[in-house]
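Enquirer: need a structure here:
(one chain, ligands or ions: 2)
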Amino acid sequence: MMITDAEFSCMLSAQICTEKKTILSVDDILALIGDHCHGVIGQLTEDWGEVLFSALKRAGGTAFSNMAVGYNNVDVDAANRNGIAIGNTPGVLTETTAELAASLSVAAARRIVEADQFMRAGLYDGWLPHLFVGNLLKGQTVGVIGAGRIGSAYARMMIEGFKMNLIYFDLYQSTRLEKFVTAYGQFLKANGEQPVTWKRASSMEEVLREADVISLHPVLDKTTYHLINPERLAMMKKEAVLVNASRGPVIDEVALVEHLRANPMFRVGLDVFEDEPYMKPGLAEMKNAVVVPHIASASKWTREGMATLAALNVLGKIKGYPVWGNPNAVEPFLDEKAAPPPACPSIVNAKQLGLPSSKL
Ligand SMILES: NC(=O)c1ccc[n+]([C@@H]2O[C@H](COP(=O)([O-])OP(=O)(O)OC[C@H]3O[C@@H](n4cnc5c(N)ncnc54)[C@H](O)[C@@H]3O)[C@@H](O)[C@H]2O)c1
Ligand SMILES: O=C(O)[C@H](O)CO
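Expert: Ligands and ions are numbered 1, 2, ... in the order given. Take a look at the predicted model:
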């Protein structure tokens, strides 16, 4: 969506891109920005760097928002140089994305897609003791790498839903998550059940060695690129389940295909791919892989919320509103019955640009 400089009273006019291409190139976007453009709402598939930010600045623009929480497609330093505020959409997709990661975990552990294909192919000719035997989750260990908003929500789902024990690795301690597991463990114990436990790992390798199901939820940056590589795949249990709903390049996908080929009981659930929209050669043929096309945030409520937050980021900046004080608490912007607060919900480079913070 491109916001132009035609302003009606307190409303701004918006141009919605009707281009049929799924992924816009830098040249496509340059043409859309043109000579007059105050702000742009874009997608994670676009390459926002110096070329686009300087063009946006020349066109009179001051704001760009990804319609996504992840912004590894954005060169924030280039945006800073050009004085462009960068918005993202945190919080509104936490539960939806975690639910998809949990679904991929179960689908991979219980071989649901393989069994579905078998059924549709007319191959089922009666119950057998060894037909599509998979992994029981209850009492096993779930490993989370990147226990931020989504990683923590996923952990809670797996712990509460399947009574799994937790091991996690993050650069920061997740006290809230630890307290949740402790309290749930006490609740289970009081009801005569085996309590669940938690452990904060001192290294990622510890998670990979110990967990039965591992889900990746870090940001994509230099520290997490190819975080899962041949050496780390070799550390994992032969029957482990690996899930990725963060960003494709967090896994070395060529190495993953090799590992899947060599270890038929090792299974993966993937929402994201290294060269999206493509899969590395061989992945599509792997029966031990469940693959879906980057749909983790695809619930109606979440997608509407993402669009709302992205639009309010850009609109708020154009109107000169301050930046919302807590991007983890964006609910007031999503209340359909009340006017949104006069603030930008989430601007990631607010500090660098010296933007004022909302006192609301
Ligand atoms: N598949 C999808 O549709 C989808 C949807 C939403 C988000 N995402 C991805 O998920 C990511 C996480 O989103 P979030 O809202 O939970 O963000 P978040 O910032 O709350 O969590 C990210 C966590 O990763 C941790 N981290 C950073 N570097 C790390 C490292 N080297 N090792 C371990 N942990 C590290 C951070 O400390 C933080 O706790 C986004 O950046 C985005 O790329 C994907
Ligand atoms: O980062 C994000 O928000 C996702 O990948 C799309 O929902």
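
Enquirer: what's the spacing between R120 and G126?
Expert: As judged by CB to CB, to the nearest Å, R120 and G126 stand 17 Å apart. Where C-beta positions appear, they are placed from N, C-alpha and C, glycine not excepted.

Enquirer: Looking at these two, which is more packed in?
Expert: Legend: neighbour count by other CB atoms under 10 Å for R120 and G126, higher for R120 (9 against 5).

Enquirer: How about the contacts made by the residue most central in space within the chain?
Expert: Central residue of the chain (CA atoms, centre = their mean): S246, 4.4 Å from the mean position. Contacts here follow CB atoms under 8 Å, 6 or more residues apart in numbering; on that basis S246 touches G70, G146, I150, L216, H217, P218, V219, L220, T224, V272.

Enquirer: can you rerun that using 7 Å?
Expert: Listed by CB atoms under 7 Å, 6 or more residues apart in numbering, the contact set of S246 reads G146, L216, H217, P218, L220, V272.

Enquirer: For PyMOL, write the select line for the buried members of these.
Expert: Remark: buried members of these, expressed as a PyMOL selection using 16 or more other CB atoms under 10 Å:
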select buried, resi 146+216+217+218+220+272
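
Enquirer: Including pLDDT and secondary structure, could the contacts of S246 go into TSV?
Expert: Output for the contacts of S246, formatted as TSV (pLDDT from 0 to 100; DSSP: H, G, I helix; E, B strand; the rest coil):
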residue	pLDDT	secondary structure
G146	98	coil
L216	99	strand
H217	98	coil
P218	98	coil
L220	98	coil
V272	99	coil
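
Enquirer: if we take the contacts of S246, which one ends up nearest to P90?
Expert: Nearest to P90 among the contacts of S246, counting by CB to CB, is H217 at 13.1 Å.

Enquirer: Thought W48 was touching N73, still the case?
Expert: Yes - using CB atoms under 7 Å, N73 is in contact with W48, at 6.1 Å.

Enquirer: Between these two, point out the one with more neighbours.
Expert: W48 (25 against 17).

Enquirer: what's the neighbour count on E258?
Expert: Neighbours around E258, by other CB under 10 Å: 15.

Enquirer: What does it show for phi and psi?
Expert: phi -60, psi -50 (degrees, to the nearest 10).

Enquirer: For it, give me its contacts.
Expert: The contact partners of E258, taken as CB under 7 Å, 6+ apart, number zero.

Enquirer: Retrieve the pLDDT associated with it.
Expert: As predicted, E258 sits at a pLDDT of 98.

Enquirer: got the residues of the stretch 151-300 of the chain near ligand 1?
Expert: Within the stretch 151-300 of the chain, the positions lying close to ligand 1 (CB under 6 Å from any ligand atom) are 151, 169-172, 217-220, 223-224, 245-247, 271-272, 294, 296-297.

Enquirer: if we go to 5 Å?
Expert: When proximity is defined as CB under 5 Å from any ligand atom, the stretch 151-300 of the chain approaches ligand 1 at D170, L171, P218, V219, T223, T224, A245, S246, R247, D271, A296, S297.

Enquirer: Now do the strands in the stretch 101-250 of the chain.
Expert: Using DSSP state E, counting those that start in this stretch, the strands found in the stretch 101-250 of the chain span residues 141-145, 165-169, 198-200, 213-216, 241-244.

Enquirer: right, so these: which one is the most enclosed?
Expert: strand 241-244 (a mean of 28; mean count of other CB atoms under 10 Å).

Enquirer: In its sheet, which strands sit next to that strand, and in what direction?
Expert: Strand 241-244 pairs in its sheet with strand 213-216 (parallel), strand 267-270 (parallel), by DSSP bridges.

Enquirer: Is it possible to get JSON lines of those that adds distance to ligand 2?
Expert: Shown next, in JSON lines, are the strands paired with strand 241-244 (distance: least, CB to the nearest ligand atom, whole Å):
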{"stretch": "strand 213-216", "distance to ligand 2": "13"}
{"stretch": "strand 267-270", "distance to ligand 2": "13"}
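
Enquirer: Ok, which of those strands comes nearest T182?
Expert: In terms of CB to CB, the element of the strands paired with strand 241-244 nearest to T182 is strand 213-216, at 20.7 Å.

Enquirer: Which residue does the stretch 151-300 of the chain have closest to ligand 2?
Expert: S297 (3.2 Å; CB to the nearest ligand atom).

Enquirer: Let's have the strands paired with strand 241-244 in a markdown table, adding distance to G134.
Expert: A markdown table is the format used below for the strands paired with strand 241-244 (distance: least, CB to CB, whole Å):
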| stretch | distance to G134 |
| --- | --- |
| strand 213-216 | 12 |
| strand 267-270 | 8 |
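
Enquirer: Touching, K57 and N82? I think so.
Expert: Yes - counting by CB under 7 Å, K57 touches N82, with 4.3 Å between them.
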